[in-house]
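**Q** turn this into a structure:
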Amino acid sequence: MNLFSSFDPSTNFNFSINWLSTLIGIFIIPSMFWLIPSRFNMLWMKIILTLHKEFKILIGYNKTQGSTLIFISLFSFILFNNFLGLFPYIFTSTSHMTLTLTLALPLWLSFMIYGWLNNTIHMFAHLVPQGTPSILMPFMVCIETISNIIRPGTLAVRLSANMIAGHLLMTLLGNTGPTLNIFSINFLIIVQILLLILELAVSMIQSYVFAILSTLYSSEVN
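**A** So this is what the prediction gives:
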């Protein structure tokens, strides 16, 4: 077994249901139907409203009502999965391209199909930035087309690579524990705690980045 086998769902305790950890976050999402909202519920509602306002500015106020719901749901789903992956013995589904590409590709594909069918002229105009010299136009079309095609790949790779990198670093440091003396172990524990705080921040940032970039891509096709 090599180092990356810890991220393989089939070798992780030989459970065939490791992917069920993706759905655990659903049970943690605070219910909107409680009689007396808790502080946690009110905090979550505040986060959702803040995200709604921000996404609405990017998408445009005149667009379809409730259009921010899909991006807020996407943010919540990735955030809970990233958080749960930091707990011991819980399979991190967002560190796999299988899940991240499944989230990114249908979104990007639906934006592209909608844009090319409904706003064809607008989509063609996007291929050549304003003020481009005539001699550079063919090159700009190629560059813009390639950058457009690799968008779902960059979204998926960014999320999975960030999740794998932090977990791998924590695993590598943790494996050195049995060989260290008392002083070094104390230092290692402090470093691991700091890394865990960093990973908590990364899990929030990456879910926000995924959602905000998806929103930006959708605003371009309108």
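
**Q** the bottom helix or strand of this protein by mean pLDDT?
**A** helix 21-28 (a mean of 74; mean pLDDT, DSSP states H and E).

**Q** okay, the residue lying closest to Ser95 once chain neighbours are set aside: pLDDT?
**A** Closest residue to Ser95 apart from its sequence neighbours, by Cβ to Cβ, 6 or more residues apart in numbering: Met163 at 3.8 Å. Glycine gets a C-beta too; all of them are placed from N, C-alpha and C. Looking at Met163, its pLDDT stands at 89.

**Q** what's in contact with the helix or strand where Met163 lies?
**A** For Met163, the host element (DSSP states H and E) is helix 151-175. Residues from elsewhere that reach helix 151-175 (Cβ atoms under 8 Å, 6 or more residues apart in numbering): 3-4, 6-7, 78, 82, 85, 92, 94-97, 99-101, 103-105, 107-109, 188, 191-192, 195-196, 198-199, 202-203, 206, 209-210, 213-214, 217.

**Q** for this protein, which spans come out with low pLDDT?
**A** For the chain, applying pLDDT under 70 flags the ranges 1-17, 29-36, 61-65, 222.

**Q** which elements pack onto whichever helix or strand comes after the helix holding Met163?
**A** Sequence-wise, the next helix or strand downstream of helix 151-175 (DSSP H and E) is helix 182-220. Helices and strands touching helix 182-220, by 3 or more Cβ pairs under 8 Å, 6 or more residues apart in numbering; DSSP states H and E, are helix 39-59, helix 69-84, helix 97-118, helix 151-175.

**Q** can we see that at 10 Å?
**A** For helix 182-220, the elements it packs on are helix 39-59, helix 69-84, helix 97-118, helix 120-126, helix 151-175, judged by 3 or more Cβ pairs under 10 Å, 6 or more residues apart in numbering; DSSP states H and E.

**Q** circling back to that earlier point, the least confident helix or strand of the chain: which residues count as buried?
**A** Neighbour-count burial for helix 21-28 flags 21-22, 25 (criterion: 16 or more other Cβ atoms under 10 Å).

**Q** on contacts alone, who are the packing partners of it?
**A** helix 69-84.

**Q** the helix it packs on versus helix 39-59: what angle between them?
**A** 130 degrees (axes from the mean of the first three to the mean of the last three Cα atoms, to 10 degrees).

**Q** with only the CA atoms kept, save helix 69-84 in PDB.
**A** Taking Å, rounded to 0.1, in the frame of the first residue of the first chain, the C-alpha atoms of helix 69-84 are listed here in PDB:
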ATOM      1  CA  LEU A  69     -30.500  28.800  -4.400                       C
ATOM      2  CA  ILE A  70     -28.400  26.300  -6.500                       C
ATOM      3  CA  PHE A  71     -25.200  28.100  -5.700                       C
ATOM      4  CA  ILE A  72     -26.000  28.400  -1.900                       C
ATOM      5  CA  SER A  73     -26.900  24.700  -1.900                       C
ATOM      6  CA  LEU A  74     -23.600  23.900  -3.700                       C
ATOM      7  CA  PHE A  75     -21.700  25.900  -1.100                       C
ATOM      8  CA  SER A  76     -23.400  24.200   1.800                       C
ATOM      9  CA  PHE A  77     -22.900  20.700   0.300                       C
ATOM     10  CA  ILE A  78     -19.100  21.200  -0.300                       C
ATOM     11  CA  LEU A  79     -18.700  23.000   3.100                       C
ATOM     12  CA  PHE A  80     -20.200  20.200   5.100                       C
ATOM     13  CA  ASN A  81     -18.300  17.500   3.200                       C
ATOM     14  CA  ASN A  82     -15.000  19.400   3.700                       C
ATOM     15  CA  PHE A  83     -15.700  19.700   7.400                       C
ATOM     16  CA  LEU A  84     -16.700  16.100   7.900                       C
END
